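Engineer: Dropping the sequence and predicted coords here.
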Amino acid sequence: MGVPEVLDVAQDGIIVLLLTIAPVMAIGLGVGLIIALFQALTQIQEMTLVFVPKILTVFLSLLLFMPFMINQMMGLMDRMAQRIVSLE
């Protein structure tokens, strides 16, 4: 396996990583922005107000997007297995 093949594998892995985690990160970012806006408007500076809702929404979004994430990772694994088989 040469340099172009290694770069293709690395690029495919990075793209799958970004596609897999993007929905969860976007939801966490959105909830964080909403909480920050709420804190700025009400002058409430409670630290648990930041962490608890974000943790809960990220956990729920992980449960919601888990089938999509598994399909993305299984697709990557299938492509890697096909590359290994084609080397022989």
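Structural biologist: Okay, I see it.
Engineer: Would you report the backbone torsion angles of the one residue sitting closest to the centre of the chain?
Structural biologist: Centroid-nearest residue in the chain, with C-alpha atoms, centre = their mean: Ile21, separated by 0.8 Å. Note on Ile21: its backbone torsions stand at phi -90, psi -10 [degrees, to the nearest 10].
Engineer: Please apply the same query to Gln45.
Structural biologist: Recorded main-chain torsions at Gln45 are phi -120, psi 50, according to degrees, to the nearest 10.
Engineer: Near the residue lying closest to it once chain neighbours are set aside, how many other residues are there?
Structural biologist: The shortest distance from Gln45 to any residue other than its chain neighbours is 6.5 Å, reached at Gln39 (C-beta to C-beta, 6 or more residues apart in numbering). (Glycine included, C-beta is placed from N, CA and C.) Neighbour count of Gln39, defined by other C-beta atoms under 10 Å: 14.
Engineer: start the count at 893, not 1, going forward
Structural biologist: Okay, residue one is now 893; in that scheme the one you just asked about reads as Gln931.
Engineer: and the helix or strand hosting Gln931, what does it pack onto?
Structural biologist: Element membership for Gln931 (DSSP states H and E) is helix 895-934. With contacts defined as 3 or more C-beta pairs under 8 Å, 6 or more residues apart in numbering; DSSP states H and E, the secondary structure elements packing on helix 895-934 are helix 940-979.
Engineer: The helix it packs on - contacts with which helices or strands?
Structural biologist: Using 3+ C-beta pairs under 8 Å, 6+ apart as the contact criterion, the secondary-structure elements in contact with helix 940-979 are helix 895-934.
Engineer: centre of the chain versus the helix it packs on, how much separation?
Structural biologist: Offset of helix 895-934 from its chain centre (C-alpha atoms, centre = their mean, to the nearest Å): 5 Å.
Engineer: try stretch 940-959
Structural biologist: Put simply, stretch 940-959 sits 12 Å off its chain's centre (C-alpha atoms, centre = their mean).
Engineer: what's stretch 918-937 in contact with?
Structural biologist: Among residues not part of stretch 918-937, those counted as contacts by C-beta atoms under 8 Å, 6 or more residues apart in numbering are Glu938, Leu941, Val942, Pro945, Lys946, Thr949, Val950, Ser953.
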